[in-house]
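>>> Would you be able to build a 3D model of this:
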Amino acid sequence: MGARMIGRRWAGWSMLAIAAVAVPAVVGVGVVAPAAAEEDAASVPQTLTLAEQIVREAREVGSDPQLLAAGLGMPASGPGSMQWDEEGRLAITVQYDAVPTAAQRDALAAVARIERTFAFAASIAAYAAPEALEAIAAQSGVRGITVDLRPLAGSVLGQGPRPAAPEVDPDSCRAIPSESDAPLSADLARSLFEVDGSGVTVGIISDSYGARDEPTSPEDDVLLGMLPGAGNPCGYEEDVEVLGDAEGSDEGRAMAQLVHGIAPGARLMFAAAGTSELTMAQAILDLADAGADIIVDDISFYGEPVFQPGTLSWAIDRVQQQGVHYLTSVGNATAVGAEGTASEGLPISG
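Got it, this is the predicted structure:
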């Protein structure tokens, strides 16, 4: 974990309807030949945004997510893939010239499913069919459309889930010993300073918390001592407060298990990162407003700026000014090279 100072990933996709730039030919010293300039301008290929490419591809193959991904040369699932709802609509963010009015919201709602309006960014998160993107771009006050690509969560490069032990260890009150104690010397700190996290609230941001029930459900984890809540065998019975959940790998629940192992007395909260930087920024603000003293995340969005602060940096700075301590994954997931390759056994992820 480390503090998120500026963007950690490459620049993202541009907004819909950004025009290509024509570069004139120059002859001699500073003299532009008009005919040559027109000829060269015509030869410059038009630059299409991802949204425009999706519209064009949908005309050819329809709106099937698998066919669209194949036609665009994108992954069909996992990090960097397009995000779809159960009705085949695409996750997008619509940017406006100013905070959208009720009339503008109604116009968008007529052709898309609105998820959330962001007053701090004059934008709306929504799901829309690919064939509706052109109509949305033409609506009053719309400045652009960003297609929200699935972020990278820590679980993608981590190990798969381990089956829970059948019985709780009476000495640790956990079915599986805390894997965080040894590298962090957390057990030594708890013993020497007689602390267990009581009085501290930790907010967690990841892909999901309770989307899966295999190998265990959140309720199972409480009974196995892996999470706090009613029925926890060590008496830590304050439930994890879930401000918002989503579909995912439940990496957020794994993080909560680790935090509970380090500081079993701490109050835990969770908020899903959502589909975009804006939804994650909102999650950061929501956790701080709900009383988080510490916030941790393991999410990386492909659109985060690399050389300057972005939306997430702004949100983090804002909650830090309120006294919140913020820690984020820096991508060093201890992944090693595959067997039979030149990097076999060597660290390759940071």
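
>>> Next SSE downstream of the host helix or strand of residue 191?
According to DSSP states H and E, residue 191 maps onto helix 186-193. Using DSSP H and E, the next helix or strand after helix 186-193 towards the C-terminus is strand 201-206.

>>> Return the list of helices and strands in contact with the next helix or strand after that following strand.
Beyond strand 201-206 on the C-terminal side, the first helix or strand identified by DSSP H and E is helix 218-223. Packing contacts for helix 218-223, counted by 3 or more C-beta pairs under 8 Å, 6 or more residues apart in numbering; DSSP states H and E, involve helix 251-262. C-beta: built from backbone N, CA, C; applies to glycine.

>>> which stretches of the chain form strands?
26-27, 31-32, 90-96, 112-118, 123-128, 142-147, 152-153, 201-206, 241-244, 267-272, 294-297, 299-300, 325-328 (DSSP state E).

>>> how about those in CSV, adding mean neighbour count?
Formatted as CSV, the strands of the chain follow (neighbours: other C-beta atoms under 10 Å):
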stretch, mean neighbour count
strand 26-27, 12
strand 31-32, 9
strand 90-96, 24
strand 112-118, 18
strand 123-128, 23
strand 142-147, 22
strand 152-153, 24
strand 201-206, 26
strand 241-244, 18
strand 267-272, 24
strand 294-297, 23
strand 299-300, 22
strand 325-328, 18
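
>>> out of those strands, nearest to residue 225?
Of all these, strand 267-272 sits nearest to residue 225, with 14.0 Å by C-beta to C-beta.

>>> What pairs with that closest one, parallel or antiparallel?
strand 201-206 (parallel), strand 241-244 (parallel) (DSSP bridges).

>>> can I get the ones you listed in a markdown table with mean pLDDT?
Formatted as a markdown table, those follow (pLDDT from 0 to 100):
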| stretch | mean pLDDT |
| --- | --- |
| strand 201-206 | 98 |
| strand 241-244 | 98 |
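
>>> low-confidence ranges in the stretch 151-300 of the chain?
Scanning the stretch 151-300 of the chain with the threshold set as pLDDT under 70 gives 155-168, 170-171.

>>> Make JSON lines from the strands paired with strand 267-272 and add distance to residue 312 to it.
JSON lines is the format used below for the strands paired with strand 267-272 (distance: least, C-beta to C-beta, whole Å):
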{"stretch": "strand 201-206", "distance to residue 312": "10"}
{"stretch": "strand 241-244", "distance to residue 312": "17"}
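
>>> hang on, the earlier thing: with respect to residue 80, which of the strands of the chain lies nearest?
Minimum separation from residue 80 across those (C-beta to C-beta) falls at strand 152-153, 7.8 Å.

>>> my guess is residue 255 contacts residue 206, does it?
Yes - at 5.8 Å, residue 255 counts as touching residue 206 under the criterion of C-beta atoms under 8 Å.

>>> Overlap of the contact sets of these two?
154, 298 (C-beta atoms under 8 Å, 6 or more residues apart in numbering).

>>> And the closest residue to residue 181 other than its chain neighbours, how close does it get to residue 175?
Excluding the flanking residues, the one nearest residue 181 by C-beta to C-beta, 6 or more residues apart in numbering is residue 187, at 4.3 Å. Residue 187 is 17 Å from residue 175, where distance means C-beta to C-beta, to the nearest Å.

>>> And for residue 61, the neighbour number?
Neighbour count of residue 61, defined by other C-beta atoms under 10 Å: 13.

>>> List the residues that contact it.
67-68, 71.

>>> per-residue confidence at it?
Residue 61 is assigned 94 on the pLDDT scale.

>>> do the same with residue 17
Reading off the model, residue 17 has pLDDT 30.

>>> Can we start the residue count at 25 from this point?
Done: numbering now begins at 25, and the last item shifts to residue 41.

>>> And residue 78, what's its pLDDT?
Confidence at residue 78, expressed as pLDDT, is 96.

>>> So it versus residue 72, what's the distance?
The spacing between residue 78 and residue 72, counted by C-beta to C-beta, is 10 Å.

>>> Kindly report the same for residue 166.
18 Å.

>>> follow-up on the earlier one: export the strands of the chain to a markdown table and append columns for distance to residue 332.
Listed next are the strands of the chain as a markdown table, based on distance: least, C-beta to C-beta, whole Å:
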| stretch | distance to residue 332 |
| --- | --- |
| strand 50-51 | 31 |
| strand 55-56 | 33 |
| strand 114-120 | 18 |
| strand 136-142 | 20 |
| strand 147-152 | 19 |
| strand 166-171 | 17 |
| strand 176-177 | 20 |
| strand 225-230 | 22 |
| strand 265-268 | 28 |
| strand 291-296 | 25 |
| strand 318-321 | 20 |
| strand 323-324 | 17 |
| strand 349-352 | 17 |
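
>>> Out of those, the one nearest residue 241 is which?
Of these, nearest to residue 241 by C-beta to C-beta is strand 265-268, at 13.3 Å.

>>> Can you pull out the residues in contact with that closest one?
By C-beta under 8 Å, 6+ apart, strand 265-268 touches 233-234, 291-296, 298, 307, 310-311, 314.

>>> Kindly reformat these as CSV and extend each row with distance to residue 110.
Below are those laid out as CSV (distance: C-beta to C-beta, whole Å):
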residue, distance to residue 110
233, 19
234, 18
291, 33
292, 29
293, 27
294, 22
295, 22
296, 17
298, 16
307, 22
310, 24
311, 27
314, 28
